[in-house]
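Engineer: model this:
(one chain, ligands or ions: 1)
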Amino acid sequence: MNESTTREMICILCPLGCKMQVSEKPGQPEDLKVRGIQCKEGKKYAYEEYKNPTRILTSTVAIHNTTLPRLPVKTSKPLPKGLIYKAMDEINKVEITGPIKVGTVIIENLLGTDIDIVATRSLG
Ligand code: SF4
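Structural biologist: Numbers count the residues shown, from 1 in each chain. Sure, this is the predicted structure:
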């Protein structure tokens, strides 16, 4: 019996957008069988996306004393997908006062991940 499930994914590293089929090799959970890719980078992407998918999270935080009521922010590095809802809870708690310069750290070491939330524009 083959209990390994195959996940369909699309490689987003280049415009070819190869359709990948990724599954664990029976008895070798660390090793993956990757079909449908056309290059080594695609294989690396398949491993990352299967084992620990991450995303750059973008959002806004409440800001006072500026021309706009919300400041656009993003994570300084890709965040594990499983932490996105918790990260949003943290971001939604924040209220800051302007002016703010682009790149300012708004939340340091978000959820102990060593990833910061930073301003993506200046606002005064
Ligand atoms: S597998 Fe390689 S060729 Fe295919 S989309 Fe990814 S980077 Fe492009």
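
Engineer: alpha carbons only for contacts and neighbour counts from here, please
Structural biologist: Noted.

Engineer: where in this protein is pLDDT low?
Structural biologist: Within the chain, the stretches with pLDDT under 70 are 1-4.

Engineer: Could I get the full set of helices for it?
Structural biologist: For the chain, the helices defined by DSSP state H occupy 40-51, 84-93.

Engineer: Nearest to the ligand: which residue in this structure?
Structural biologist: Nearest to the ligand in the chain, going by C-alpha to the nearest ligand atom, is Gly42, at a distance of 3.6 Å.

Engineer: Could you pull out the buried residues of stretch 40-52?
Structural biologist: Using 16 or more other C-alpha atoms under 10 Å as the test for burial, stretch 40-52 gives 42-43, 45-47, 49-50.

Engineer: Glu108: which of those residues is nearest?
Structural biologist: Glu49 (25.5 Å; C-alpha to C-alpha).
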